[in-house]
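**Q** Whatever this is, show me its structure:
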Amino acid sequence: MESVKRMSCEEAVRQFYAYLDRALAGEPHDALEDHLKACLECCEKLEFSRKLDAFVRGRLWDTPLPEGIEQKIRRTLCG
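**A** Below you'll find the model as predicted:
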């Protein structure tokens, strides 16, 4: 039987926005779901990301984000 490599917290956090946008599928989606079942810290970070995403979408509507802001937020969240 093949051993499945566990996803690290850092890898999980990098996948959050694709996951929230329903753009994550197949093995990456399944690996993230497995990680979230076992990692309370990442569940809390995902919930924060979900709330932040909803807040930003609610405040900005269809206004484009400033250049580079998404990368800055990701760097901050990923440490």
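**Q** which regions of the chain sit below the pLDDT cut-off?
**A** Where the chain drops to pLDDT under 70, the residues are 1-5, 62, 79.
**Q** the longest helix in it is where?
**A** helix 40-60 (DSSP state H).
**Q** Run through the residues that contact the spatially most central residue of the chain.
**A** Compute the mean C-alpha point of the chain, and by Cα atoms, centre = their mean the closest residue is Phe16, 1.0 Å away. Taking Cβ atoms under 8 Å, 6 or more residues apart in numbering as the contact definition, Phe16 lies against 45-46, 49, 77. C-beta: built from backbone N, CA, C; applies to glycine.
**Q** try Ser49
**A** With Cβ under 8 Å, 6+ apart, Ser49 has these contacts: 16-17, 20, 77.
**Q** And Pro28, by the same measure?
**A** So Pro28 contacts 15, 18 (Cβ under 8 Å, 6+ apart).
**Q** Kindly provide the distance from it to Pro64.
**A** In this view, Pro28 and Pro64 are 27 Å apart by Cβ to Cβ, to the nearest Å.
**Q** Specify which member of the contacts of Phe16 is nearest to Ala38.
**A** Checking the contacts of Phe16 against Ala38 with Cβ to Cβ, the nearest one is Leu46 at 13.1 Å.
**Q** and the closest one, what does it touch?
**A** 16, 19-20, 36.
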